[in-house]
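> Sequence first, then the predicted structure, then my questions.
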Amino acid sequence: METELWPNMVAALHKRKIPLVITNARLSERSAKGYAKLGGFMRRLLSRITLIAAQNEEDGNRFLSLGLKRNQLAVTGSLKFDISVTPELAARAVTLRRQWAPHRKVWIATSTHDG
């Protein structure tokens, strides 16, 4: 995800009451300044996101400065570099999948680029 916010996708998910979690989120100071120019539009867009998992406190604070509510933010570190998948974590993922959407498809958009 990093800094790309897709308003039409966010609106469509919100309309259908589908939770949206943005993981590994980064927001540069430059991008935050650009998004800040959108004012109320940006606040409304962020209000429709269930959770943003930011890579660090600085990124999280930039999302908060744009209107994200604190209960919509988690600082998780970089998923590319800060986590190893243990057998216990894999088992937990299976459990969560069964709890969240046992009979529904789950769509995940992710990057496959190096770095």
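Here it is on my side, so go on. Numbering: from 1, shown residues only.
> Please count neighbours and contacts with C-alpha atoms only from this point.
OK.
> For the helix or strand that contains residue 58, give me every contacting residue.
In the assignment (DSSP states H and E), residue 58 maps to helix 57-65. Outside helix 57-65, the residues that touch it by CA atoms under 8 Å, 6 or more residues apart in numbering are 25, 26, 27, 28, 29, 32, 54, 70, 73, 74, 75.
> was I right about the first one contacting residue 74?
Going back to what we said before, that points to residue 25. No - with contacts counted by CA atoms under 8 Å, residue 25 stays clear of residue 74, the gap being 10.0 Å.
> Those two: which is more packed in?
Neighbours per residue (other CA atoms under 10 Å) separate residue 25 from residue 74, with residue 25 holding more: 24 against 17.
> distance of residue 67 from residue 32?
11 Å (CA to CA, to the nearest Å).
> show me the contacts for residue 42.
For residue 42, the contact set (CA under 8 Å, 6+ apart) comprises 35, 36, 66, 67.
> Please report the distance of the first one from residue 17.
To tie it back to what came earlier, the one meant is residue 35. Residue 35 is 25 Å from residue 17, by CA to CA.
> So which of these two has more stuff around it?
Each of residue 35 and residue 17 has its neighbours counted (other CA under 10 Å); residue 35 has more, 18 against 10.
> where do the helices sit along this structure?
Taking DSSP state H to define them, one finds helices in the chain at 7-15, 29-36, 39-47, 57-65, 87-100.
> That'll do, ta.
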